[in-house]
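Enquirer: Need a 3D model of the sequence below.
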Amino acid sequence: MTKRTQLALATALVAALALGASGCSDTKKGSEGAGASNPAAANDGKILGGSPVKGGTLTVLSNQDFAHLDPARNWVMPTMDFGTRLLYRTLVTFKAEPGKGGSELVPDLATDLGTPSNGGRTWTFTLKEGVKYEDGSPVKAQDVKYNVERSFAPDLTGGPDYAAQYLAGTEGYKGPLQGQHLDSVKTPDDRTIVFELKRPVAEFSATATLPTFSPVPQSQEKGTQYDARPFSSGPYKIESYDRDKKLVLVRNEHWDANTDTVRKAYPDKFVVVMGLKGGQIDDRIIAGEGADASTVQYADMRPESAPKVLPKPDVKARLIAESKGCTEMLYLNNSRAPFDDPKVREAMQYAVDKEAVVTAGGGPALNEIATAYLPPALTGGKQADTLKIAPAGDPAKAKELLKAAGKEKLKVSLSVSTGDKGAAEAIQQGLSRAGIEVVIDTVDPGAYYDVIGDLATTPDMTFTGWCPDYPSGSTWIPFVFDGRTIKDKGNQGNYSQFRDEATIKRIDEINNMADAKQANQAWIDLDAELMKKSPSIPILLERKPLLVGPNIAGAFGHPVWTGEIDYATVGLKDPSKSQG
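Expert: Predicted coordinates:
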């Protein structure tokens, strides 16, 4: 049997149970929309396991290490959730609630959501009193400034680019490690921080939720080694960290719940066990015996585990599978042949068999076909379909376009994270129908973004997604398609290395629009124009399936962090049953 046939058999039950739940995404929860008949959506918007009891050890089972825990480098959605909920606080954060409530901004380190002035070009935040680090020293405004400056350091790659995009006077700035500091970030006293922006940014409060806007004291600077031991301003601190094996967090006794309305810090300890195989993790949590009753999983449940879960009410009751709110794409490297040719890129739109990738990812219960770049949450709940290509593709049309481009036979490379090998093989087989040979390279998940973010090691094609950092097209298209964001190392978002002057000009025009509704429509219109230029191929809209043990309480998928379990409020039903 072919790989595709095997995958189809493995997920046939899932597809049958989904009862036609594919099609356009519906962001509504509850009984309305396609989710009502989708077994994977049964717990959408729910908190599983009731209210936690304080104490015990919660274990996280993972197939990977974290890409970066350094807050200046942390820009992978699940890791941002883990870091900002447990280890460090940000100026502003999101409510710890499932569904729409989780998208609401609330103050964190700051006393409020910030005060704009100068027509939205200046933002001032005042820090709360009594916020302390793990050694009992006070968190100061200068520490937030220092971490913002660190985000510019060439060695500290991979982190959010918002400071570089928004702050004034940053051209040529290389961070504070050589003693240079930014004039556009001012700290008139220990509790006040002022940001001077190059243009008005009405949504800067939301930007301040990112790890960039958490504190790092200059005295704790360790360069690239800071990844292994961030200095805690959150409810937990690192007791031990054996990379790729185990991370142990214990309570930060100087964290004061009176200064923190979001984090509940129920467990006494978090233990992250790494390097496990995905199927092994699924089976352990499905069984839920002994210590595994008090576990959650970090990475997605494997597609082949779905038939072990969805038909069984007791196990399905422990499945979180919220929509990620992201678009998974096949990025084409536009900087070199063959994808520097727009005709070849257009052919790729027709060559991909998205239906096969849906099957490889667990069927329509866990995936939907993407027809545009912007995810449904940014386009009124439904994606556009500019090109109107059949879900299985059109290999005859792809061959015709390749022939016109003089590229009837192609051989290209594709790098994927280890867990996406099934999707890669489905892409490989789909493209083979059009005469395109694909060589697959699988990369350890913990190193994946460093590999594809280094222009010296970037392959012809990359499979990954992009998610909005908050509900605005400004957090999506500029980072994925603005050629000015491309970096030699630590390249993030624009993995296709797409450089297009017309697109850059339009991005600047939209960013300068004062009317949010007008800007939102402009992003949607630009999405349609970009689809015609085909810098990458939108493939999937995914759910994030995560299993929790029977002793887990307070678990839900947070809508901002792509459906990852919110670590601010998760805990145990009976701490005495936990081990570790």
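
Enquirer: Distance check, Thr261 against Val131.
Expert: Distance of Thr261 to Val131, given as Cβ to Cβ, to the nearest Å: 12 Å. For the C-beta atoms, the positions are set from N, CA and C on the backbone; glycine is no exception.

Enquirer: Compare neighbour counts for these two and give me the winner.
Expert: The residue with more neighbours, out of Thr261 and Val131, is Val131; 21 against 13, by other Cβ atoms under 10 Å.

Enquirer: So what does that one have for phi and psi?
Expert: phi -80, psi 130 (degrees, to the nearest 10).

Enquirer: That one is in contact with Gly234, isn't it?
Expert: No - the pair Val131 / Gly234 is not scored as a contact, 10.0 Å apart, by Cβ atoms under 8 Å.

Enquirer: Report the set of residues contacting both of those two.
Expert: Contact criterion Cβ atoms under 8 Å, 6 or more residues apart in numbering; residues shared by Val131 and Gly234: Arg89.

Enquirer: Give me the neighbour count for the residue nearest to Val185 when sequence neighbours are not counted.
Expert: Nearest residue to Val185, sequence neighbours excluded (Cβ to Cβ, 6 or more residues apart in numbering): Lys145, at 4.7 Å. The local packing of Lys145 (other Cβ under 10 Å) involves 23 other residues.

Enquirer: avg pLDDT for the helix or strand in which Lys145 is found?
Expert: If you go by DSSP states H and E, Lys145 is part of helix 141-150. Averaged across helix 141-150, the pLDDT comes to 98.

Enquirer: and the gap between the residue nearest to Val185 and Gln428?
Expert: 48 Å.

Enquirer: do Ala164 as well
Expert: In this view, Ala164 and Gln428 are 36 Å apart by Cβ to Cβ.

Enquirer: which helices and strands sit right next to whichever helix in the chain runs longest?
Expert: Secondary structure assigned by DSSP state H gives helix 516-533 as the longest helix of the chain. Here helix 516-533 touches helix 342-351, helix 477-481, helix 501-511, going by 3 or more Cβ pairs under 8 Å, 6 or more residues apart in numbering; DSSP states H and E.

Enquirer: Give me the buried positions along the first one.
Expert: It stands for helix 342-351. Of the residues in helix 342-351, 344-351 count as buried by neighbour count, 16 or more other Cβ atoms under 10 Å.

Enquirer: All the strands of the stretch 101-250 of the chain, residue numbers only.
Expert: Per DSSP state E, counting those that start in this stretch, the stretch 101-250 of the chain carries strands over the ranges 105-107, 115-117, 122-126, 185-189, 192-196, 236-242, 246-251.

Enquirer: Need the residues that contact the first one.
Expert: So that's strand 105-107. Under the contact criterion Cβ under 8 Å, 6+ apart, strand 105-107 has outside partners 91-95, 113, 128, 205-206, 209, 261-262.

Enquirer: count of neighbours near Gly435?
Expert: Neighbour count of Gly435, defined by other Cβ under 10 Å: 18.

Enquirer: Report how many residues lie close to the closest residue to it other than its chain neighbours.
Expert: Nearest non-adjacent residue to Gly435, counting by Cβ to Cβ, 6+ apart: Lys409, 5.4 Å away. Counted with other Cβ under 10 Å, the neighbours of Lys409 add up to 9.

Enquirer: center of the protein, which residue is that?
Expert: Met77 (2.9 Å; Cα atoms, centre = their mean).

Enquirer: give the contact list for that residue.
Expert: 326, 467, 561-562, 564.

Enquirer: Point out where this structure drops to low pLDDT.
Expert: For the chain, the stretches flagged by pLDDT under 70 are 1-36, 580.

Enquirer: Heading C-terminal from the top strand by length along it, find the next helix or strand.
Expert: In the chain, taking DSSP state E as the definition, the longest strand is strand 536-547. Next helix or strand after strand 536-547 toward the C-terminus (DSSP H and E): strand 552-553.

Enquirer: re earlier: quick one: the helices and strands packed on helix 516-533 as a markdown table, columns for distance to Arg199 too.
Expert: Shown next, in a markdown table, are those (distance: least, Cβ to Cβ, whole Å):
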| stretch | distance to Arg199 |
| --- | --- |
| helix 342-351 | 31 |
| helix 477-481 | 12 |
| helix 501-511 | 7 |
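
Enquirer: Next up, phi/psi of Ser415, please.
Expert: Main-chain dihedrals, Ser415, degrees, to the nearest 10: phi -110, psi 130.

Enquirer: can you map out the strands along the stretch 251-400 of the chain?
Expert: 269-273, 295-297, 319-323, 327-332, 367-369.

Enquirer: Would you tell me which of the ones you listed gets closest to Asp283?
Expert: Nearest to Asp283 among these is strand 295-297 (11.0 Å), distances taken as Cβ to Cβ.

Enquirer: Glu368 touches Ile539, doesn't it?
Expert: No - contact criterion Cβ under 8 Å: Glu368 and Ile539 do not qualify, at 10.4 Å.

Enquirer: what residues are up against Met301?
Expert: Met301 touches 278, 282, 309, 319, 545-547, counting by Cβ under 8 Å, 6+ apart.

Enquirer: Relative to Gly179, which of those residues is nearest.
Expert: When the contacts of Met301 are compared against Gly179 (criterion: Cβ to Cβ), the nearest one is Leu546, at 44.3 Å.

Enquirer: I'd like to know the beta-bridge partner residues of that closest one.
Expert: Beta bridges link Leu546 to Ile320, judged by DSSP bridges.

Enquirer: just checking, it touches Ile320?
Expert: Yes - assessed by Cβ under 8 Å, Leu546 is found in contact with Ile320 at 4.7 Å.

Enquirer: more crowded one of those two?
Expert: Of the pair Leu546 and Ile320, Ile320 is the one with more neighbours under other Cβ under 10 Å, namely 27 against 24.

Enquirer: how close does the more buried one sit to Ala40?
Expert: In this view, Ile320 and Ala40 are 10 Å apart by Cβ to Cβ.

Enquirer: Show me the common contact partners of these two, please.
Expert: Pro545.

Enquirer: now the helices: where do they sit in the stretch 51-200 of the chain?
Expert: Applying DSSP state H, counting those that start in this stretch to the stretch 51-200 of the chain gives helices spanning 77-82, 141-150, 162-166.

Enquirer: a markdown table for those, including distance to Pro364?
Expert: Shown next, in a markdown table, are these (distance: least, Cβ to Cβ, whole Å):
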| stretch | distance to Pro364 |
| --- | --- |
| helix 77-82 | 23 |
| helix 141-150 | 42 |
| helix 162-166 | 35 |
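
Enquirer: closest to Ser335 out of these?
Expert: Closest approach to Ser335 among the helices of the stretch 51-200 of the chain is made by helix 162-166 (20.8 Å; Cβ to Cβ).

Enquirer: Any chance you could list what contacts the closest one?
Expert: For helix 162-166, the surrounding residues in contact (Cβ under 8 Å, 6+ apart) are 148, 151-152, 170, 195, 197-199, 201, 204, 207, 210, 212, 469, 478, 485.

Enquirer: How about stretch 183-198?
Expert: Counting by Cβ under 8 Å, 6+ apart, 91, 120-127, 129, 138, 140-142, 144-145, 148-149, 166-170, 204 sit against stretch 183-198.

Enquirer: Span of it from start to end?
Expert: 12 Å (Cα to Cα, to the nearest Å).

Enquirer: got the buried residues for that stretch?
Expert: Using 16+ other Cβ under 10 Å as the test for burial, stretch 183-198 gives 184-185, 187, 191, 193-197.
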